[in-house]
Each structure stands twice: as structure tokens, then as C-alpha cells.
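Visitor: Predicted coordinates and the sequence they were generated for:
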Amino acid sequence: MALIRSLPGKTPEFGTDCFLAETATVIGEVVMGNGCSVWYGAVIRGDVHYIRIGNNTNIQDNAVIHATYRKSPTNIGNNVTIAHGAIVHGCTIHDNVVIGMNAVVLDDAVVESNSIIAAGSVVTKGTHVESGSIYAGIPAKKIKEVSPELLEGEVRRISASYKTYADWYREEME
């Protein structure tokens, strides 16, 4: 069973049909929507500010979601993929976004809907990623637009796939 801990006097809240892997950790002022999944080794630490996560969002293995004390909360929208090893810290991620493997999104950055942050990229403090963009590099810069095929074939496909994967694990645990 996942480690779910209240701190400081705030208890994580989960919507319906969420999957939490046995080694996932969720602490403090975290509110998660319906149909989310939090995978092995992922940490969502709402100890210094709140973290809000929408519906059908997947937080993959070893990802870290945190905030900045009394300054920068973390807001994550619906149908978002936070890939393996990514760090999302004190920022806002809108709907239908992929944060690639080992990418970092820092304080006060805003990633608008239908966007992709490429694997290994660093979105620096206060960066505004416009809707429908792909950002890559260190520091991350816009490299192109997200095509309709990429939006459907990657962003939406990955989000839907993780709902399926969570169902496999739930069935195995029954």
C-alpha cells in the first residue's frame, strides 16, 4: 500500500478510481481528481504548499511533485502525463500536457494546454509555455507546434494508456 501521510494537519484527498502503487508517497495538502495514477517511487509532497491534480493524470515512476514554501503551489490539470523521473515544482500545468522523462518544470512556470515538454528539458522559473507548443533543451525553448496527429497519437494516447495500465495492476491485486 502507498505511503499516505497527513502533514501539517492536512490529509491527502483522492477522487474515485485512483491507483497508487505500493511505493508511491503522497503527503500533506494534496487533492487529486478521479482516475489518476501514481506509480512506483513517485513522491507528491504537499508539505510546504498545496498541490492540486485534475482528473486522469498519471504521475510515473520516480517523478517528484513539490512546491515552494508559502510562495508557489503546484497545479496540474486533467489528462496530464508526468513521465518517469520528471520534477514538477511550484508551477502550473494545464490540461492535455506531457512532461517528458527526466524533464524539470520550475517555480512559477506555466505550461498551457496541449503542449509537450521534451524529455530531459528544463523549463526555468517563470517560463510561459504557450498552448500547442513543444519545448525542449536546457533552458527549454519552443522548437515547434504540436500537430493534431501528435496531440492524439502521443498526448491523449499516453494518458488513456495509463488508465489501462492501472486497471491491470488493480485486477492483479484483487
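Guide: The structure has been received and is ready for your questions. Note that the coordinates shown come from a computational prediction; the quantities given were computed from them, not determined experimentally.
Visitor: Verify the stated contact: Arg156 with Asp95.
Guide: No: the pair Arg156 and Asp95 fails to qualify as a contact (Cβ atoms under 8 Å) at a distance of 10.6 Å. Any C-beta I mention is one placed from the backbone N, CA and C, and that applies to glycine too.
Visitor: any shared contact partners between the two?
Guide: When Cβ atoms under 8 Å, 6 or more residues apart in numbering defines a contact, the residues bordering Arg156 and Asp95 alike are Asn79.
Visitor: which one of these two has more residues nearby?
Guide: Remark: of Arg156 and Asp95, Asp95 carries more neighbours, 20 against 16, as counted by other Cβ atoms under 10 Å.
Visitor: who's in contact with Arg70?
Guide: With contact set as Cβ under 8 Å, 6+ apart, Arg70 has these partners: 48-49.
Visitor: ok, 7 Å please
Guide: By Cβ atoms under 7 Å, 6 or more residues apart in numbering, the contact list for Arg70 reads His49.
Visitor: ok now the longest strand anywhere in the chain, how far from the chain's centre?
Guide: The strand spanning the most residues in the chain, taking DSSP state E as the definition, is strand 43-53. Using Cα atoms, centre = their mean, to the nearest Å, we find the averaged C-alpha position of strand 43-53 to lie 11 Å away from the chain's own average C-alpha position.
Visitor: Check which helices and strands it sits against.
Guide: Packed against strand 43-53 by the contact rule (3 or more Cβ pairs under 7 Å, 6 or more residues apart in numbering; DSSP states H and E) you find strand 25-32, strand 64-66, strand 74-76.
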